[in-house]
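In: Fold the following, please.
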Amino acid sequence: MKVNKESMLVYAITDRHWTGEKTLEQQVDEVLKNGATFLQIREKNMPHDELVKEAVLIKEIAKKYNVPVVIDDDIYAVIESGVDGVHIGQKDMDYIEARKLLGDDKIIGMTAPSVELAKKAEKLGADYIGAGAVFNTSTKKDTRPLELSTLKEICSSISIPVVAIGGIDHSNVRKLKGTDIDGVAVISALFGADDPGEATRELVSIMKDVVK
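Out: Predicted coordinates for the structure are as follows:
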């Protein structure tokens, strides 16, 4: 399964920290059922074997909604679980090595917080990039917000899909209109909501306007 710009509209990223009384699988089902178009499993503190088991369960949920699933960073969990691909950051595995291990059919997304890195990612063969952090975020405390003018320049410099990431929620997402992004990647805005399904529906509606 490969990606297109439409599949980036609402890019959901998991975090067990927000599950509360529900299981991660229940939350994922709610989010995908209500319109999220892409899913990344990002569970930094989950042991590898447990991550593989979780990914197998989530893959089956996503299949119902025809939504691509990638795992953050762990190439071997991708191979063992059979999900659609991986997302790698600048400090994670080298793209060439990742592609060699995964083959041409798997999705590889890359983090690219600058025009130069975005162009490099596209040249290497990345399927999409994540650009940010566009706002202050508690997920990555050591990052400075990316200027929206730089975000727009990134989008105009490459032809692969661009998803904005970092500190995005329902209150600030409209500020990204006019940057030419294809979508937004969010964690707490969906998984931290009292009603993840309703939060997803609302964000999908807003994003259809943002990307016009």
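In: ok, for residue 208, nearest residue in space, not its chain neighbours?
Out: Leaving out its chain neighbours, the residue that sits closest to residue 208 by CB to CB, 6 or more residues apart in numbering is residue 9, at 7.4 Å. Yep, even glycine has a C-beta here, placed from its N, CA and C like the rest.
In: So that neighbour is in contact with residue 209, correct?
Out: No: in this structure, residue 9 is not within contact of residue 209 by CB atoms under 8 Å, at 11.2 Å.
In: Looking at those two, which one has more neighbours?
Out: residue 9 (22 against 10; other CB atoms under 10 Å).
In: For the more buried one, give me its contacts.
Out: By CB atoms under 8 Å, 6 or more residues apart in numbering, residue 9 lies in contact with 37-38, 182-183, 204, 207-208, 211.
In: Could you rerun that using 10 Å?
Out: Residue 9 is in contact with 35-38, 161, 163, 181-184, 203-204, 207-208, 210-211, counting by CB atoms under 10 Å, 6 or more residues apart in numbering.
In: roughly how far apart are it and residue 29?
Out: 19 Å (CB to CB, to the nearest Å).
In: Then residue 44?
Out: Using CB to CB, residue 44 is found at 22 Å from residue 29.
In: These two: who's more crowded?
Out: In this view residue 44 and residue 29 are compared by other CB under 10 Å, and residue 29 has more residues nearby, 19 against 11.
In: Identify the residue nearest the more buried one in space, chain neighbours excluded?
Out: residue 61 (5.2 Å).
In: before we move on, what about residue 209?
Out: residue 177 (7.2 Å).
In: go on, residue 10?
Out: Among residues not flanking residue 10 along the chain, residue 36 sits closest, at 4.8 Å (CB to CB, 6+ apart).
In: do the same with residue 40
Out: Take residue 40 and drop its neighbours on the chain: the residue closest to it by CB to CB, 6+ apart is residue 13, 4.6 Å away.
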